[in-house]
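Student: sequence and predicted structure, then a few things I'm wondering about:
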Amino acid sequence: MNLTRDHTLYETLIEGGKHWSLNLRAGVRLRLVDEAGGANVGMLFYNPYNPLERYNAPDTLKCQHTFKLTRGHCLYSDMGRIFCSIVEDSVGWHDTVCGNANAALVRRRWGERSYQEARNDWTQNGHDAFLVEAGKYGLGRRDLAANVNWFSKVAITDDGSMQFAAGHSVAGAHVDLRFEMDTLVLLHTCPHPLNPAADYPRKPVRVQIAEAEPVGADDFCRNFRPENQRGFENTRLYRTCGCGVARSG
Amino acid sequence: MRSQASTLDPARASFREVVPAGRYWIKRVETGQTVRIVDLEGNQAADTLFFDALDPADRYSAVDTIREQGNVYLSYGSRLLATSGNVLCEIVADTVGRHDTLGGACASESNTVRYALEKRTMHSCRDSWLLAVAEHEEFGIAKRDIAHNINFFMNVPVTPDGGLQFADGMSGPGQYVEMRAHRPIIVLISNCPQLNNPCNAYNPTPLEVVIWDADVS
């Protein structure tokens, strides 16, 4: 999909090492663009009407028999519903099992640069970033879960060893999420916790929001696996019969 | 893959209990105590969560644990970390050599997606955990705290091209895994009731939990 300015409802640039959150309704499409190459976007998803329902990485992986995330995959909640579908992906592999860097990890790998010393160039970490954004909605550490790390690949060898793929995402790479239900999205652009770069990576990400095309019977994500057809059916039940959020389509 | 037999003698244990399939087991374990989970009949899955007993909001974190050890499988020597980075416990014996922490637990809702919408009323690990926390409010755990678990005795290999397989279990009758607590912890186990996949050979069977005090060898 060519997201021209006419299609775009909203656009912004998030600098590297920062965080943000927003509510997205069913039927919008979120594009993330890796502006400079080597970006990482940590992301978590919640049902805004009941945040006990949240992104569940294990269910997402086992329901689709996958370890990586790419086009065709759906991101499942623990309630068997789909927050969003990956409708486009120029990268091919996104991580959802490595979590976040925390303050101790950042200090160990890159050294700490405090806000007092570095101002906007301080070395923020993904864990603290999520705590701050979660707090805005009354959520806290109990509500955090295994997150997605968009644009980052960690491959697994036969013995289970984890290998971060440097140079995996190139400048201009993008991934598009189509939201299938109303969703609270928390995100950060802090470095992936296994990134071995010598200097704290600070990679900007462009965010574009547009109206999604309607989901047809032949939809790629819906038909990617029989499991996804059932996930869409669970989501349809919620959207058409659930209390207070009924909406056509 | 590393296996290591235990030197502990069940005759000197301070606690022993058989947990039937489809039931939960929850208990506080003190620093230095060792907990053994025994796969009595083989090919069973023990879906297990750990919490810091003094701060239950700080719980076992699969992502921090595998990232810090640099390996997605758990076995002898794995230190099981909480989100804070604190070590909750360490695997000090393991006759199987590989346990899963990627696949999560079964739930009514994920059963509808994985198998059929009509499976929604079948028993599941998450149902057992929810009953456990409802019947044991003293631990201060609720649905918010129920997260990404360990599946002891389950084999879920990751392929180099990014696939996830649910392979035949590597466990067998009498195989076990042991954890020594590094701090006071709450251990919550669901003995998996799943009837739809080979994680327990379509035949859920009992587990046994055995505990030794810190000063017993």
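Tutor: Nice, thanks for sending it over. The structure displayed is predicted, hence computed values, not measured ones.
Student: what's the average pLDDT for stretch B:129-147?
Tutor: Averaged across stretch B:129-147, the pLDDT comes to 98.
Student: in stretch A:219-230, what counts as buried?
Tutor: A:Asp219, A:Cys221, A:Arg222, A:Phe224, A:Arg225, A:Glu227, A:Asn228, A:Arg230 (16 or more other C-beta atoms under 10 Å in any protein chain shown). Where you see a C-beta, it was placed from the backbone N, CA and C, and this is true even at glycine.
Student: filter the residues you listed down to just the ones in strands.
Tutor: In strands, judged by DSSP state E, none of these are found.
Student: which one is the closest residue to chain B within chain A nearest to, not counting chain neighbours?
Tutor: Nearest residue of chain A to chain B: A:Pro58, at 2.4 Å (C-beta to the nearest C-beta). Sequence neighbours aside, B:Gly104 is the residue nearest to A:Pro58 in space, at 2.4 Å (criterion: C-beta to C-beta, 6 or more residues apart in numbering or on different chains).
Student: check contacts around the one you found.
Tutor: A:Asn56, A:Ala57, A:Pro58, A:Asp59, A:Leu61, A:Lys62, B:Ser110, B:His148, B:Asn149, B:Asn151 (C-beta atoms under 8 Å, 6 or more residues apart in numbering or on different chains).
Student: per-residue confidence averaged over stretch B:16-25?
Tutor: 98.
Student: quick revisit: how near is the residue of chain A closest to chain B to B:Gly77?
Tutor: According to C-beta to C-beta, to the nearest Å, A:Pro58 and B:Gly77 sit 23 Å apart.
Student: and chain B, which of the buried residues of stretch A:219-230 reach it?
Tutor: A:Glu227, A:Arg230 (C-beta under 8 Å from any C-beta of the partner chain).
Student: make CSV out of the buried residues of stretch A:219-230 and add pLDDT.
Tutor: Listed next are the buried residues of stretch A:219-230 as CSV, based on pLDDT from 0 to 100:
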residue, pLDDT
A:Asp219, 98
A:Cys221, 98
A:Arg222, 98
A:Phe224, 98
A:Arg225, 98
A:Glu227, 98
A:Asn228, 98
A:Arg230, 98
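Student: and the buried residues of stretch A:219-230, which is closest to A:Arg29?
Tutor: A:Arg29 lies nearest to A:Cys221 out of the buried residues of stretch A:219-230, by C-beta to C-beta, at 12.0 Å.
Student: which residue packs closest to the closest one, ignoring adjacent ones?
Tutor: A:Ser85 (3.7 Å).
Student: B:Ile211 now?
Tutor: B:Phe15 (3.9 Å).
Student: doesn't the residue nearest to A:Cys221 lie inside a helix?
Tutor: No - read with DSSP: H, G, I helix; E, B strand; the rest coil, A:Ser85 is strand and lies in no helix.
Student: specify the beta-bridge partners of it.
Tutor: Bridge pairing for A:Ser85 (DSSP bridges) gives the partners A:Cys74, A:Arg178.
Student: and it, what does it touch?
Tutor: Contacts of A:Ser85 by C-beta under 8 Å, 6+ apart are A:His73, A:Cys74, A:Leu75, A:Leu177, A:Arg178, A:Glu180, A:Asp219, A:Cys221, A:Arg222, A:Asn228.
Student: ditto for A:Trp93
Tutor: Here A:Trp93 is in contact with A:Lys68, A:Leu69, A:Thr70, A:Lys153, A:Ala155, A:Ala165, A:His168, B:Gly162 (C-beta under 8 Å, 6+ apart).
Student: what segments of chain B are helices?
Tutor: B:62-69, B:108-114, B:125-135 (DSSP state H).
Student: packing partners of the shortest one?
Tutor: This means helix B:108-114. helix A:57-63, helix A:226-241 (3 or more C-beta pairs under 8 Å, 6 or more residues apart in numbering or on different chains; DSSP states H and E).
Student: and the helices of chain B, which is most packed in?
Tutor: helix B:108-114 (a mean of 24; mean count of other C-beta atoms under 10 Å in any protein chain shown).
Student: please enumerate the strands of chain A.
Tutor: A:8-14, A:19-24, A:28-34, A:41-46, A:74-76, A:82-89, A:148-150, A:154-156, A:162-164, A:174-179, A:183-188, A:205-211.
Student: how about the helices and strands packed on helix B:108-114 in JSON lines, adding distance to A:Pro201?
Tutor: Shown next, in JSON lines, are these (distance: least, C-beta to C-beta, whole Å):
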{"stretch": "helix A:57-63", "distance to A:Pro201": "23"}
{"stretch": "helix A:226-241", "distance to A:Pro201": "33"}
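Student: how many neighbours does residue 34 have?
Tutor: Assuming you mean chain A. 25 (other C-beta atoms under 10 Å in any protein chain shown).
Student: actually chain B
Tutor: 23.
Student: let me know whether it touches B:Glu178 as I believe.
Tutor: Yes - using C-beta atoms under 8 Å, B:Thr34 is in contact with B:Glu178, at 5.6 Å.
Student: any shared contact partners between these two?
Tutor: What both B:Thr34 and B:Glu178 touch, as defined by C-beta under 8 Å, 6+ apart, is the set B:Leu8, B:Val92.
Student: which residue is the nearest non-sequential neighbour of A:Leu187?
Tutor: Going by C-beta to C-beta, 6+ apart, A:Leu187 has A:Met43 as its nearest residue, at 4.8 Å.
Student: let me fix that, I meant to ask about B:Ala214.
Tutor: Nearest one to B:Ala214, counting by C-beta to C-beta, 6+ apart, is B:Gly32 at 2.8 Å.
Student: quick one on the thing from earlier: of the contacts of A:Trp93, closest to B:Glu135?
Tutor: For those, the nearest to B:Glu135 is A:Leu69 (36.7 Å; C-beta to C-beta).
Student: what's across from the closest one in the sheet?
Tutor: A:His94.
Student: what about it, how many residues nearby?
Tutor: 26.
Student: so it touches A:Ile86, yeah?
Tutor: Yes - using C-beta under 8 Å, A:Leu69 is in contact with A:Ile86, at 6.4 Å.
Student: so what sits against both of these two?
Tutor: With C-beta under 8 Å, 6+ apart as the test, A:Leu69 and A:Ile86 both reach A:Leu75.
Student: contacts only, for the spatially closest residue to B:Gln69 that is not a sequence neighbour.
Tutor: Spatially, and ignoring its direct neighbours in sequence, B:Gln69 is nearest to B:Ser78 (5.9 Å; C-beta to C-beta, 6+ apart). The neighbours of B:Ser78, taking C-beta under 8 Å, 6+ apart as the test, are B:Thr65, B:Gln69, B:Glu90, B:Ile91.
Student: brilliant, that's me finished.
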